[in-house]
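**Student:** Predicted model and sequence below, questions to follow.
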Amino acid sequence: MSKSYIISSTRVDYINQTIDSLCSQFEIIDKNADFLNVEPADKKQSIGIDQTRKLKEWFKVKPYNSPNKFAVIKNADLLTDQAQNSILKLLEEPNANCYLALTLANPSNLLPTVLSRCEIIQDSIVLKSLENSDFMKLSRTLQFKYIDDLLSEKNTLEQNRQIQTFIFNLLSTLQKQLEEDHSDTKLKQNIALIEQTSIMISGNTSKRLALENMVINMKY
């Protein structure tokens, strides 16, 4: 079980349900003493280093009534870069019996060093409802998660249909963008990459290998 999480969703209910589920997993009995919500201080529009310092001090104290302690930084995209850097060690090597989660709509708003240290819990309903034009706006981590969701379909025929629809819609979106700007070299490269991916998938190449190669080689 991971100790550091990112809960990604635009749905408040999903975020709250996930927090409740994690509290149950971590056996948080006393939410007054062993659970902490970290939010912007009064009248402030960001979460600064002073609050992350208090969070680290809170984690140093042993659990009061529960086996573990659990803190949640809500609206984590409000963390300043300095505040994010200050919790890197905490994310990577949390104190014993301590768990931390960050909630926000788009994980790509966090520093890559924060993303790499957390397990992402992505709202699959929101992820699957994304228009393909938004796929290019996702962080690399969430693009891989999108691919994982496509490949998680057990029915081979349905999986192939979903992959073909994804590639067709993504290709159509980029081609429409190219019609508006014929000089965009990156768009042309991405279109050629997607077309090559489609050919690879139609052959004997592993679908995962082809799709992940596409994500890795996308131009931004």
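**Tutor:** Received it, and whenever you're ready, just let me know what you need.
**Student:** Show me what counts as buried in stretch 95-108.
**Tutor:** With burial defined by 16 or more other C-beta atoms under 10 Å, the residues of stretch 95-108 counted as buried are 97-105, 107-108. Glycine gets a C-beta too; all of them are placed from N, C-alpha and C.
**Student:** how about these in JSON lines, adding distance to S202 and secondary structure?
**Tutor:** Converted to JSON lines, those look like this (distance: C-beta to C-beta, whole Å; DSSP: H, G, I helix; E, B strand; the rest coil):
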{"residue": "N97", "distance to S202": "51", "secondary structure": "coil"}
{"residue": "C98", "distance to S202": "49", "secondary structure": "strand"}
{"residue": "Y99", "distance to S202": "44", "secondary structure": "strand"}
{"residue": "L100", "distance to S202": "44", "secondary structure": "strand"}
{"residue": "A101", "distance to S202": "41", "secondary structure": "strand"}
{"residue": "L102", "distance to S202": "40", "secondary structure": "strand"}
{"residue": "T103", "distance to S202": "40", "secondary structure": "strand"}
{"residue": "L104", "distance to S202": "38", "secondary structure": "strand"}
{"residue": "A105", "distance to S202": "35", "secondary structure": "coil"}
{"residue": "P107", "distance to S202": "32", "secondary structure": "helix"}
{"residue": "S108", "distance to S202": "31", "secondary structure": "helix"}
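**Student:** mind checking which helix or strand of this protein has the lowest mean pLDDT?
**Tutor:** Lowest by mean pLDDT, DSSP states H and E among the helices and strands of the chain is helix 124-128, with a mean of 65.
**Student:** Which SSE is immediately downstream of that one?
**Tutor:** helix 140-151 (DSSP states H and E).
**Student:** For this protein, which segments are assigned as strands?
**Tutor:** Counting by DSSP state E, the chain has strands at residues 4-8, 35-38, 69-73, 98-104, 119-122.
**Student:** now for the first one, which elements pack on it?
**Tutor:** The reference is to strand 4-8. Applying 3 or more C-beta pairs under 8 Å, 6 or more residues apart in numbering; DSSP states H and E, one finds that strand 4-8 contacts helix 12-25, helix 88-92, strand 98-104, strand 119-122.
**Student:** run the last query once more with 6 Å
**Tutor:** strand 98-104, strand 119-122 (3 or more C-beta pairs under 6 Å, 6 or more residues apart in numbering; DSSP states H and E).
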